[in-house]
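[1] Output the structure for:
(one chain, ligands or ions: 1)
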Amino acid sequence: MTTVLRNANLLAPEGQIKKGALVYEGETIVYAGADDEKTWKAAAGADPALFDLEGRTVIPGFVDSHIHPAAVALSSWHIKIPMFQKAEDLLSYIKDYAREHPKEEVPFLYFEYYPTDMFDASGPAKELLDTAVSDRPCLCQDFGEHMHWVNSKMLEMMEVDENTPDPVPGLEMFVRDEKGRPTGWVKEMAWLSFADKMYEKIGWKPPQDLDTQSLAPVLDFFKEHGITAVFDAVVESRAQMEVLKKLDDQGQLKLYYDAAVRFWSYEDLPQKIAQLRDYQAQYGSKHIKLNTMKLFLDGTNEAGNGALLNPHVNDPFGTNYGEIKMEEEELKQCFLLCNQEGLDVHLHIVGDRAFRTGWKAVKAAKEEAAAQGALWSIQIIFAHCELVAPEDMAKPAELGISINWSCHWSGGYFGEEAKNFIPEDRWNQMYQFNPMLESGAQVAFSSDVVTYYELERANPLFGMQIANTRIDPQFPLSPERFPESRRPAEEACISMENLLKGYTAAAAKQLHWENKMGSLEAGKLANLCILSEDPLKADLQKVKDIQFETVIFEGEVIHGKL
Ligand SMILES: [Zn+2]
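    Numbering: from 1, shown residues only. Sure, this is the predicted structure:
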């Protein structure tokens with residue numbers, strides 16, 4: 001079956017949107033070019049299905065190159081709370097909720113979120129949370145999603161006390177008082193290592209594993225928003241892979257799915273690679289692949305555990321530079337091993353010191369590989385890169401490092417919380433990707449949504465609008481300090497052309513699927529979005545409102561109609 005979409009506006013591979021026609025046969029585009037009847041008829045053959053798009057815009061299916069679909073699906077049991085600015089309002093909300101939902105009904109209260117800057121540098125205390133809930137374990141997660149505030153009952157049930165070692169001292173840990181007793185502030189997922197003891201005591205466990213039902217809303221969201229390929233930045237469990245495989249076998253996945261397996265150190269890397277190989281063998285298919293190892297090199301800038309080149313502004317001793325998971329030498333060894341295995345490495349990097357350590361390790365690893373006569377065949381991807389020293393901006397292009405940025409963070413989503421650790425002038429320079437684009441680096445875009453709470457922000461057009469304007473319509477910065485709530489610096493606004501490219505062609509390249517997707521060209525998959533409006537011509541504040549009228553996956557309409 002051949003289909004012709006004529007009288008359309010097509011996104012050309014060079015980045016402009018031009019009048020044209022597109023023909024696809026089965027799952028493959030056979031023609032994309034001028035709307036010249038003679039030419040497209042030659043490509044379409046006899047009797048194609050012909051559709052006049054009346055000037056609508058056609059772009060390739062979006063590729064979300066860093067997202068956590070399983071984590072989103074698994075978080076649907078979390079309790080969403082409004083964004084309170086005062087701790088007393090938050091506590092009274094939690095207290096009321098606990099009263100209305102007795103422990104027989106909700107044995108473990110998991111709230112999201114409290115604003116990361118709600119408490120001072122010593123963090124929130126368990127005693128304060130106890131005033132709202134003391135009859136059962138209770139946890140409140142910070143908005144940055146890396147910090148947790150737990151009550152005394154939860155620590156007691158997890159059997160965590162002054163004698164309990166931290167999973168990763170300094171990074172994944174329980175903050176403690178002078179006697180070593182946990183204060184109730186937990187960094188990263190340290191509590192998770194002890195959660196089973198608690199679940200056993202309360203006789204309840206959160207839904208740990210995905211099933212087709214829990215994943216359905218996430219997959220539906222992708223279909224409705226033209227996302228036809230994703231990179232899952234961390235596989236959470238084998239069950240997740242099983243669900244995806246099952247859907248794929250039934251022809252229900254309607255998505256290209258690429259994923260990473262997480263490792264923590266050079267020591268555990270071989271074992272994690274073995275796990276990835278096992279997943280590859282069991283679940284790999286035309287639509288599913290795993291080709292990447294994921295490492296968190298530092299923490300978050302809002303929580304003060306991003307690795308910085310300068311000490312924290314709030315540190316009177318000038319010795320706190322944040323946290324880094326590994327230094328250059330170990331990182332280099334990890335890159336070399338992954339290169340031998342032909343596996344990409346995707347790094348979580350937020351601070352300028354982590355960025356520098358990262359590129360130095362890439363440079364050293366490439367030099368060592370060359371000296372040994374080994375080919376360099378993998379991609380190293382730096383995700384986030386929130387704070388980068390100006391002199392390091394050209395390094396990605398120079399060293400062939402791929403960059404990944406989650407567009408919808410470009411405005412006020414994380415507020416001004418990083419200013420607790422980063423000087424104002426440097427804060428004003430955060431989230432800069434134009435210097436990397438201008439120097440020729442590959443910059444791909446993504447949403448990095450992790451929870452159900454923020455799923456709607458995974459709409460690529462929503463993210464693109466924010467990266468283009470630096471204004472977050474949902475979380476605006478104070479308009480008194482920032483005219484129009486626009487985040488500095490103005491020159492950091494990314495052009496819509498670059499955003500479209502980064503969410504399609506560059507993202508496809510990051511996933512090594514550039515021969516299949518990412519642009520409207522003969523030979524590529526007919527993964528298409530038909531939009532109600534041309535995003536290059538739309539009012540900049542209304543890009544997010546453009547409708548996905550039709551979404552086509554491998555030539556099949558999966559949302560809307562033709
Ligand atoms: Zn992520």
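
[2] Going by contacts, tell me the helices and strands next to the helix or strand Asn404 falls within.
    Per DSSP states H and E: Asn404 is located in strand 402-406. Strand 402-406 is packed against strand 62-67, strand 380-384, strand 443-446, helix 505-510, with contacts defined by 3 or more CB pairs under 8 Å, 6 or more residues apart in numbering; DSSP states H and E. Quick note: C-beta positions are derived from backbone N, CA and C, even for glycine.

[3] quick check, it touching the ion?
    No: Strand 402-406 is not in contact with the ion by CB under 5 Å from the ion; minimum separation 7.7 Å.

[4] Starting from that strand, tell me the next helix or strand along the chain.
    Per DSSP H and E, the helix or strand that comes after strand 402-406 is helix 424-427.

[5] pretty sure Gly26 is touching Thr3, no?
    No: contact criterion CB atoms under 8 Å: Gly26 and Thr3 do not qualify, at 9.5 Å.

[6] Neighbour count: these two, which is higher?
    Using other CB atoms under 10 Å, the more surrounded residue of Gly26 and Thr3 is Thr3, with 20 against 13.

[7] List the residues that contact the residue lying closest to Lys395 once chain neighbours are set aside.
    Ranked by CB to CB, 6 or more residues apart in numbering and with sequence neighbours excluded, the top spatial neighbour of Lys395 is Trp359, at 4.3 Å. Under the criterion of CB atoms under 8 Å, 6 or more residues apart in numbering, the neighbours of Trp359 are 382, 392, 395-396, 399, 401.

[8] what about dumping the CA coordinates of the host helix or strand of Trp359 to PDB?
    Using DSSP H and E, Trp359 maps to helix 352-371. The C-alpha atoms that make up helix 352-371 are tabulated as PDB, following Å, rounded to 0.1, in the frame of the first residue of the first chain:
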ATOM      1  CA  ASP A 352      31.700  22.000  35.600                       C
ATOM      2  CA  ARG A 353      34.300  19.800  37.300                       C
ATOM      3  CA  ALA A 354      32.400  16.600  36.300                       C
ATOM      4  CA  PHE A 355      32.300  17.900  32.800                       C
ATOM      5  CA  ARG A 356      36.100  18.600  32.800                       C
ATOM      6  CA  THR A 357      36.900  15.200  34.400                       C
ATOM      7  CA  GLY A 358      34.700  13.700  31.800                       C
ATOM      8  CA  TRP A 359      36.300  15.200  28.700                       C
ATOM      9  CA  LYS A 360      39.800  14.700  30.000                       C
ATOM     10  CA  ALA A 361      39.000  11.000  30.500                       C
ATOM     11  CA  VAL A 362      37.600  10.800  27.000                       C
ATOM     12  CA  LYS A 363      40.800  12.400  25.600                       C
ATOM     13  CA  ALA A 364      43.100  10.100  27.600                       C
ATOM     14  CA  ALA A 365      41.100   7.000  26.600                       C
ATOM     15  CA  LYS A 366      41.100   7.900  22.900                       C
ATOM     16  CA  GLU A 367      44.900   8.500  23.000                       C
ATOM     17  CA  GLU A 368      45.500   5.200  24.800                       C
ATOM     18  CA  ALA A 369      43.300   3.400  22.300                       C
ATOM     19  CA  ALA A 370      45.100   5.000  19.400                       C
ATOM     20  CA  ALA A 371      48.500   4.100  20.900                       C
END
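
[9] Show me what counts as buried in it.
    Using 16 or more other CB atoms under 10 Å as the test for burial, helix 352-371 gives 352-366, 369.

[10] that older thread, who touches both of Gly26 and Thr3?
    Jointly contacting Gly26 and Thr3 under the rule CB under 8 Å, 6+ apart are 526, 555.

[11] so where does Phe462 fall, helix or strand?
    Here Phe462 is assigned to helix 460-469, by DSSP H and E.

[12] list the helices and strands the very next helix or strand once past that helix packs on?
    Downstream of helix 460-469, the first helix or strand assigned by DSSP H and E is helix 496-503. Judged by 3+ CB pairs under 8 Å, 6+ apart, the packing partners of helix 496-503 are strand 62-67, strand 443-446, helix 460-469.

[13] what residues does helix 496-503 touch?
    For helix 496-503, the surrounding residues in contact (CB under 8 Å, 6+ apart) are 11, 15-16, 59, 62-65, 405, 407, 437, 443-445, 460, 463-464, 467-468, 494, 535-536, 543.

[14] partners of the lowest-mean-pLDDT helix or strand in the chain in the sheet?
    When each helix and strand of the chain is scored by mean pLDDT, DSSP states H and E, strand 79-80 comes last, with a mean of 86. Strand 79-80 has the following sheet partners, assigned by DSSP bridges: strand 109-114 (parallel).

[15] from the contacts of helix 496-503, which would you call buried?
    11, 15, 59, 62-65, 405, 407, 437, 443-445, 460, 463-464, 467-468, 494, 535-536, 543.

[16] need the contact list for Asp161.
    Asp161 is in contact with 155, 181-182, counting by CB under 8 Å, 6+ apart.

[17] for Gln429, that is, sorry about that
    Contacts for Gln429 (CB under 8 Å, 6+ apart) come out as 387, 390, 488-489.

[18] Kindly recompute the last result at 10 Å.
    By CB atoms under 10 Å, 6 or more residues apart in numbering, the contact set of Gln429 is 352, 387-390, 422-423, 488-489, 492.

[19] Can you read off the backbone torsions of the residue in the stretch 201-350 of the chain positioned nearest to the ion?
    Residue of the stretch 201-350 of the chain nearest the ion, by CB to the ion: Ala233 (4.3 Å). Backbone dihedrals for Ala233, given as degrees, to the nearest 10, come out at phi -70, psi -10.

[20] Was I right to think it contacts Met293?
    No: using CB atoms under 10 Å as the test, Ala233 is too far from Met293 to be in contact (11.1 Å).

[21] For these two, list the residues in contact with both.
    260, 262, 346.

[22] Between the residues you listed, which sits nearest Arg277?
    Distance to Arg277 across those (CB to CB) is lowest for Ala260, with 13.5 Å.

[23] residue contacts, the closest one?
    By CB under 10 Å, 6+ apart, the residues touching Ala260 are 66, 231-235, 272, 276, 290-295, 343-346, 381.

[24] what about the strands in the stretch 1-150 of the chain?
    Assignment of strands within the stretch 1-150 of the chain using DSSP state E, counting those that start in this stretch yields the ranges 2-11, 17-25, 28-33, 49-52, 57-60, 62-67, 79-80, 109-114, 138-142, 147-150.

[25] Which of these has the lowest mean pLDDT?
    If you rank the strands of the stretch 1-150 of the chain by mean pLDDT, strand 79-80 sits at the bottom with a mean of 86.

[26] Could you point out which of the strands of the stretch 1-150 of the chain sits nearest the ion?
    So among the strands of the stretch 1-150 of the chain, strand 62-67 is nearest, using CB to the ion, at 5.6 Å.

[27] list the contacts for the most centrally placed residue in the chain?
    The chain has Asp448 as the residue nearest its centroid, 1.6 Å off, counting by CA atoms, centre = their mean. By CB under 10 Å, 6+ apart, the residues touching Asp448 are 64-68, 145, 233, 348, 383-384, 404-409, 454, 457-458, 463.

[28] where's it, which helix or strand?
    Asp448 belongs to no helix or strand, assigned by DSSP H and E.

[29] Next one, pLDDT for it please.
    Here, the pLDDT recorded for Asp448 equals 97.
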